[in-house]
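Asks: Next comes the sequence, and after it the predicted model I'd like to discuss.
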Amino acid sequence: MEFKLEYTINEEIKTFYLNKDTVTTGKLSGNDLQLSDNSVSRNHCKFVKAKNTYKIIDMGSTNGTYVNGRRVTEKKLEKGDTITIGRTILKFLAVTRKETYTDVDDQKISMVVPLSEKLDELKVKEKEEIEVEKLNLLASLTLLGKALIASTTLEDSFEKIGELIFEFLHPKRLFIFFYDENQEQLELKYCHTRKGKTQEKVNISKTIAMKAIKEKVAILSSNTLDDDRFDGAQSIIMYGITSAISVPIWTKKSIYGLIYIDTTEFDKIFKENDLEILSIIANFAGLSIEGINSLEKLNREKKIRGRLERYFSPSVVSRIMEGHDSSTLEMKTYKETEATVLFMDIVGFTPKVEHMNPVEIGVFLNNFFTEMTEIIFKNNGTLDKYMGDGIMAVFGVPFEIDNHAELAIQTALEMIKRLDEMNEILPKEDKIKIRIGINSGKLIAGDFGSPRRLDYTVIGNNVNIASRLESSVAGINDIAISEATHKIIKNQFDCKPLGEKKLQGLSKPVKTFKVIGEKNKESQ
């Protein structure tokens with residue numbers, strides 16, 4: 001892993017790459033990193049390569065070396081550490097694989113144009129050139145706009161943008177970067193040269209690039225402008241001068257990255273007109289990124305909404321999606337909550353379907369599950385899963401609700417009522433019978449599984465109790481509940497005690513009850 005130091009001198013961001021086993025720092029010019037600061041000792045400290053990092057060693061400096069605010073004589077550095085040497089504050093950072101540029105700071109800024117200014121007037125001296133170039137550019141931008149609308153990937157967009165830049169500005173090299181605002185890093189995304197070859201190392205002035213991004217300005221720069229040593233074409237070619245333009249990829253809302261072009265040809269030195277053209281193209285690039293990001297977000301949210309709709313009612317899905325970035329919804333974190341679990345199972349399902357073919361079984365279960373699921377969603381329940389011929393539902397997740405037990409009982413009663421309606425049109429031998437078990441208490445809710453397959457579910461002992469109530473206590477078309485649930489709903493529903501039951505897997509017996517129905521409200 002490679003590392004670097006970032007610091008600010010005279011409001012300019014500097015980067016120093018730690019590419020040696022030992023890097024000395026101090027006020028003297030002989031140091032690898034020279035800091036012109038009277039509070040820095042002549043030989044202040046050094047960075048020595050260690051396993052997977054560097055360690056900083058103070059060399060007897062007068063004012064000391066500090067890491068994260070504490071004075072140190074020697075310390076192994078971690079990514080993100082803040083180092084104070086005199087009045088200079090440096091950040092110790094890792095160089096990412098995608099950070100492929102090499103910082104050079106020999107370019108001089110000759111023109112800075114704020115992006116807020118109008119960029120629809122191309123300023124060149126000769127009127128005929130204005131009209132011809134305007135028409136050509138507008139026609140090309142129209143075609144570019146149509147092409148970008150049709151683009152579904154950034155790579156495709158950058159290809160089209162690169163073609164237009166080469167057509168109008170004839171650079172020697174073109175680089176397109178993304179900007180990571182949190183890390184303040186430029187990440188190379190597209191690279192093209194006049195010969196069509198890409199290259200891995202990019203020599204640009206990071207100071208100028210960051211100025212363009214942070215101040216939202218387009219910059220024309222050169223490493224020889226106003227330099228008397230390079231006053232002839234032969235000298236310019238000999239010294240390999242570079243005229244460059246750095247323009248943020250921008251929209252009114254955001255800065256997304258940077259387009260950088262340069263040339264080494266004397267007769268193609270970039271001018272103000274070129275700066276404005278690239279600024280317009282950079283705005284198109286920004287709009288393209290926004291469009292593709294919006295499309296990706298829409299597709300991501302559609303996918304997530306589809307996953308959520310497997311478990312939650314439409315109203316709950318809307319609440320989950322509301323106010324959340326879709327990237328935070330890919331996996332729901334675990335949380336302990338108070339909720340009620342409902343298990344429902346078809347009685348005698350195996351012999352019932354013994355003489356049915358697979359298609360008939362599938363149609364039967366789909367119709368049955370559809371009816372039962374609608375009732376669960378109607379009462380703001382969460383469909384945990386289908387289990388063969390059974391259903392597991394939870395009330396009180398993902399959002400906590402005070403009446404979770406009441407909603408679970410209401411759902412169970414409505415399930416039985418709907419079952420009676422369905423059975424009225426079925427032959428006697430085809431009538432459906434079910435059992436329901438319900439328990440309330442603390443449980444853990446969240447996404448469980450692997451990155452390849454995640455399912456939202458609940459786990460805990462209270463889930464097991466509900467399952468055992470359904471399988472071991474509930475009679476045909478009965479609703480069996482635990483004492484915990486009974487304590488919560490006893491004033492709303494009539495119940496009959498079933499006594500203490502020893503449930504499989506539990507050391508203590510559980511008091512159980514059978515739900516008869518809602519209490520007569522007039523008698524309360």
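Replies: That came in fine, so what should we check first? Numbering: from 1, shown residues only.
Asks: neighbouring strands for the top strand by length along the chain, and are they parallel or not?
Replies: For the chain, the strand with the greatest residue count under DSSP state E is strand 434-450. Note on strand 434-450: by DSSP bridges, its sheet partners are strand 335-346 (antiparallel), strand 453-459 (antiparallel), strand 479-482 (parallel).
Asks: That strand: which residues count as buried?
Replies: Using 16 or more other CB atoms under 10 Å as the test for burial, strand 434-450 gives 434-441, 443-446, 448. All C-beta spots, glycine's among them, are computed from the backbone N, C-alpha and C.
Asks: Quick one: mean pLDDT for that strand?
Replies: Averaging pLDDT along strand 434-450 gives 88.
Asks: okay, the buried residues of strand 434-450 in a markdown table with distance to Asn403 next?
Replies: Shown next, in a markdown table, are the buried residues of strand 434-450 (distance: CB to CB, whole Å):
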| residue | distance to Asn403 |
| --- | --- |
| Ile434 | 23 |
| Arg435 | 24 |
| Ile436 | 18 |
| Gly437 | 19 |
| Ile438 | 14 |
| Asn439 | 16 |
| Ser440 | 11 |
| Gly441 | 15 |
| Leu443 | 17 |
| Ile444 | 21 |
| Ala445 | 18 |
| Gly446 | 23 |
| Phe448 | 27 |
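Asks: low-scoring pLDDT stretches of the stretch 151-300 of the chain, where are they?
Replies: 151-152, 182-183, 195-202, 223-242, 266-267 (pLDDT under 70).
Asks: ok, back up a step: tell me the one among the buried residues of strand 434-450 nearest to Glu276.
Replies: Using CB to CB, Gly446 is the member of these that lies nearest Glu276, at 53.1 Å.
Asks: Bridged to that closest one, which residues?
Replies: With DSSP bridges as the rule, Gly446 is bridged to Thr457.
Asks: quick one: pLDDT of the residue lying closest to Thr22 once chain neighbours are set aside?
Replies: Excluding the flanking residues, the one nearest Thr22 by CB to CB, 6 or more residues apart in numbering is Val48, at 5.3 Å. Val48 carries a pLDDT score of 95 in this model.
Asks: would you list every one of the strands in the stretch 51-200 of the chain?
Replies: Taking DSSP state E, counting those that start in this stretch as the test, the strands found in the stretch 51-200 of the chain are 53-58, 65-67, 70-72, 74-76, 82-85, 88-95, 101-103, 108-114, 173-180, 185-193.
Asks: Quick check: mean pLDDT of the third one?
Replies: The predicted model assigns strand 70-72 a mean pLDDT of 91.
Asks: List the neighbouring strands of it plus their orientation.
Replies: If you go by DSSP bridges, strand 70-72 pairs up with strand 65-67 (antiparallel).
Asks: So what's the gap between the strand it pairs with and the chain middle?
Replies: Averaging C-alpha positions (CA atoms, centre = their mean, to the nearest Å) puts strand 65-67 35 Å from its chain's average.
Asks: Identify all contacting residues around that strand.
Replies: With contact meaning CB atoms under 8 Å, 6 or more residues apart in numbering, strand 65-67 is reached by 44-45, 56, 58, 71-73, 75, 77, 81-85.
Asks: can you check stretch 497-506 too?
Replies: 461, 464-465, 468-469, 472-473, 480, 509-514.
Asks: For that stretch, measure first residue to last.
Replies: 20 Å (CA to CA, to the nearest Å).
Asks: Name the residues of it that come out as buried.
Replies: By 16+ other CB under 10 Å, the buried positions in stretch 497-506 come out as 498, 501, 503.
Asks: again with stretch 243-259
Replies: 243-251, 255-259.
Asks: what ranges do the helices span in the chain?
Replies: 127-150, 154-169, 206-215, 233-239, 272-308, 314-321, 349-352, 358-378, 404-423, 461-468, 483-489 (DSSP state H).
Asks: buried sites along the shortest one?
Replies: When you say that, I think you mean helix 349-352. 349, 352.
Asks: next one: the third one
Replies: By neighbour count with 16+ other CB under 10 Å, helix 206-215 contains the buried residues 206-213.
Asks: Looking at these, which is nearest Gly396?
Replies: Ile213 (47.5 Å).
Asks: wait, what's in contact with that closest one?
Replies: Residues near Ile213 by CB under 8 Å, 6+ apart: 179, 248, 255, 257-258.
Asks: do that again at 10 Å, thanks
Replies: Contacts here follow CB atoms under 10 Å, 6 or more residues apart in numbering; on that basis Ile213 touches 177, 179, 181, 184, 186, 246-250, 255-258.
Asks: One more: Leu342?
Replies: Going by CB under 10 Å, 6+ apart, the list of residues near Leu342 reads 376, 379, 381, 384, 391-395, 407-409, 411-412, 415, 436-439, 466, 469-470, 479, 481, 485.
Asks: separation between it and Thr8?
Replies: 61 Å (CB to CB, to the nearest Å).
Asks: likewise Ala212?
Replies: 16 Å.
Asks: same deal with Gly449?
Replies: Following CB to CB, the distance that separates Gly449 from Thr8 is 46 Å.
Asks: could the helices of the chain go into CSV alongside distance to Ser39?
Replies: Below are the helices of the chain laid out as CSV (distance: least, CB to CB, whole Å):
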stretch, distance to Ser39
helix 127-150, 52
helix 154-169, 46
helix 206-215, 23
helix 233-239, 37
helix 272-308, 40
helix 314-321, 54
helix 349-352, 82
helix 358-378, 68
helix 404-423, 64
helix 461-468, 64
helix 483-489, 68
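Asks: Out of these, the one nearest Val23 is which?
Replies: Closest among these, using CB to CB: helix 206-215, at 18.5 Å.
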